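Q: kindly return the folded structure for what I paste below:
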Amino acid sequence: MQLNRVLPLSPRHLALVPLAVGINIAMGQFAEATALPVFLDTIGTVLVAALAGPVAAVVTGIVSQTVRTLVSGNSTLLPFVTIQIVVALYAGLAAKVGVFASLGRTAIAGLVLGLLAGTMAWPISLFLFGGVTGGGITVFTATLRTLGLPLNLAVFISSLTNDLLDKTLTFLLIRAVLTSLPQRMAARFPLAQRALGRAG
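A: Sure, this is the predicted structure:
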C-alpha cells in the first residue's frame, strides 16, 4: 500500500521527507560530535511543517529519530521521538497561523517551543538515562553538577536551556529559508506563503 494513500500527502510533500530526514540526521550528528549546546536535529522537521504541514512533519520526525538511532547506535536517542512529534505538530500549527511573518513572532514561537520541549525532555533524560544522553547537553549537565547542583535540577536546567536556544535558532533558520525561497518554488508550496503571513 502506498504511503500517500494512507496519509494525506502529495508526491511533492513526500519528496521533502527524505531530504528533511537527511538534514535532521546530519545536523544532529554534527551538534553531538562538536558538543554544541544545541541539538539541531529538528530543523528538517520544522521546515517540512512549514512547507507541507504537520502530517509530513510527523513522518519526518519519526523517521529521523529512528534512523539516527540505528545509524549512531545511540539508543538514548529513540525515546526522544516524542519530542520530534511535538515539534512537528507545534511547528505545523505555528506555520498555519503565520508566526514566521516577522522575526519577533518567530523568536517568540521558538522560545515557547523550547519551553515545551525542554519540559518534556528532562524527565526522559533523568529517569531513563540519569542525565547522560551525549553531546553538549551532557557536558552542560556535568558542569552544573560540578557547581554543586543536584542531578535532577542540573538535568532540568540543561534541558531547558539547550531547548530554548535550539528551538529559537531552528525557527529563525527556517524563517530565513522561507523568506529566501525563489518565487517559483514558493508558489509550489502555498503553506510556506501562509507561514509567512502572505496568504489566507
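Q: can we go C-alpha only for contacts and neighbour counts from here?
A: Will do.
Q: phi, psi of the residue of the chain positioned farthest from its centre?
A: Ranked by distance from the centre of the chain (CA atoms, centre = their mean), the top residue is Gly148, with 30.9 Å. Dihedral angles of Gly148 (phi, psi; degrees, to the nearest 10) stand at phi 100, psi 0.
Q: next one: Gly53
A: When read as degrees, to the nearest 10, the backbone of Gly53 gives phi 100, psi 170.
Q: confidence score at the residue farthest from the centre of the chain?
A: Looking at Gly148, its pLDDT stands at 95.
Q: what's whichever strand or helix holds Val139 packed up against?
A: Using DSSP states H and E, Val139 maps to helix 135-146. Where contact means 3 or more CA pairs under 8 Å, 6 or more residues apart in numbering; DSSP states H and E, helix 135-146 is packed against helix 11-33, helix 151-179.
Q: averaged pLDDT, the longest one. What do you get?
A: Per-residue pLDDT over helix 151-179 has a mean of 96.
Q: which residues sit against whichever helix or strand comes after that helix?
A: Downstream of helix 151-179, the first helix or strand assigned by DSSP H and E is helix 183-187. With contact meaning CA atoms under 8 Å, 6 or more residues apart in numbering, helix 183-187 is reached by Ala192, Gln193.
Q: state the distance from Leu115 to Ile62.
A: According to CA to CA, to the nearest Å, Leu115 and Ile62 sit 21 Å apart.
Q: right, I'll call it a day here.
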